[in-house]
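K.L.:
I would like the atomic coordinates for the input below:
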Amino acid sequence: MNSELLRRLGPFRDEAAEQGIPDEDVERWIATARPAATLVTRGEGPVVGRFGGPLMLPADAPTPWSPLLATLDCAALSEEVTGLQLPAEGSLLLLGFPDPAYPYSAGEVVYVPAGAPVEERIPHHPSVPGNDGTGGDDLDGTLGRIYEQFPDEELRLAADVSLPFHGMVTMEEPPYAVPLPGHPRSGELAELWREAAEQVVADGPLQIGGYASHECVEGDPVRAAASDALGWLRDRAARSGGSAEEEELPAPEEWVLLAQWDSGLDGREGSTLHWVIPRGDLAEGRVDRAYVSFFWNP
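P.N.:
Next comes the predicted model:
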């Protein structure tokens, strides 16, 4: 974490001091800070990806179920900015849909190596015009109307700092373990950050790295999603005739936030998608165990 980002936490420190929180407690909380990239659609930052556009995949890649949300340029998103060790080059494709009907993962991640020949695909999801019909019917057109609102524009980088949005100390068992179990002021500090973040963090719809958030603040969305992901991976292994234990599945605390999208779509107000992945998988360029959780409080 570089010093420039840490200086942005001045409003957070000032408010904590006004509320009488001891400096040592504040600094202990700030020590958990992580870099995060907020991707915005306006501003002067470099272009690092795109919302929407055609889904371009290598010829040997299977056609996905979920629609394409965003394409990220790995080379433009350094570990210093995201806190994540992304592949050095190539593209990460974030696919997903804010649909409560998903039985498990609400999307997926696809890695396309730099220079790989690609062709356009149409996902199977019934919201996408022109799909081949294998995804089922959108009988009343609701899914199609939501998909029509998916953005289609360039994504620019804003380097940000991230602190935990969750701070309950009464729920220390997974999936609700907090970053500092037993921290005496964690609830107050997390609440202060939720307010201070509005002044500190850029206003953008897509976040890469950092801490996850949604409207429910009692627990860590990444830990909750990771616990669901482990069940999904075990079921996937069983369906293929294998055993998840053979993979030595990573524990929930070994998962990180890859991306968060606060959709802001009509008909899905208050909904959030989180793409989570084992940290070690990213360094290896492995994305098949990435999991997408969907939160919605209609």
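K.L.:
how about the strands in the protein?
P.N.:
Taking DSSP state E as the test, the strands found in the chain are 34-40, 47-51, 55-57, 68-73, 91-96, 107-112, 119-121, 153-162, 206-208, 255-262, 272-278, 291-295.
K.L.:
Please export the C-alpha coordinates of the fifth one as CSV.
P.N.:
If I follow you right, that is strand 91-96. The C-alpha coordinates for strand 91-96 follow below in CSV (Å, rounded to 0.1, in the frame of the first residue of the first chain):
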residue,chain,number,x,y,z
SER,A,91,-7.7,-10.4,-20.9
LEU,A,92,-10.0,-11.5,-18.1
LEU,A,93,-13.7,-11.7,-19.1
LEU,A,94,-16.2,-11.2,-16.3
LEU,A,95,-19.5,-12.9,-17.1
GLY,A,96,-22.6,-12.8,-14.9
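K.L.:
Can you tell me how far the residue lying closest to Arg279 once chain neighbours are set aside is from Thr82?
P.N.:
Once flanking residues are discounted, Arg279 sits nearest to Val256: 4.8 Å by C-beta to C-beta, 6 or more residues apart in numbering. (Glycine included, C-beta is placed from N, CA and C.) Distance, Val256 to Thr82, using C-beta to C-beta, to the nearest Å: 10 Å.
K.L.:
Glu254 touches Arg279, doesn't it?
P.N.:
Yes. Between Glu254 and Arg279 there is a contact under C-beta atoms under 8 Å: 5.9 Å.
K.L.:
Can you pull the residues that touch both of Val256 and Thr82?
P.N.:
Gly209 (C-beta atoms under 8 Å, 6 or more residues apart in numbering).
K.L.:
contacting residues for Val110?
P.N.:
Going by C-beta under 8 Å, 6+ apart, Val110 touches Leu57, Ala61, Pro64, Leu92, Leu93, Leu95, Val287.
K.L.:
if we can go back for a sec, go ahead and confirm the residue nearest to Arg279 touches Gly210.
P.N.:
No. In this structure Val256 lies outside contact range of Gly210 using C-beta under 8 Å: 9.3 Å.
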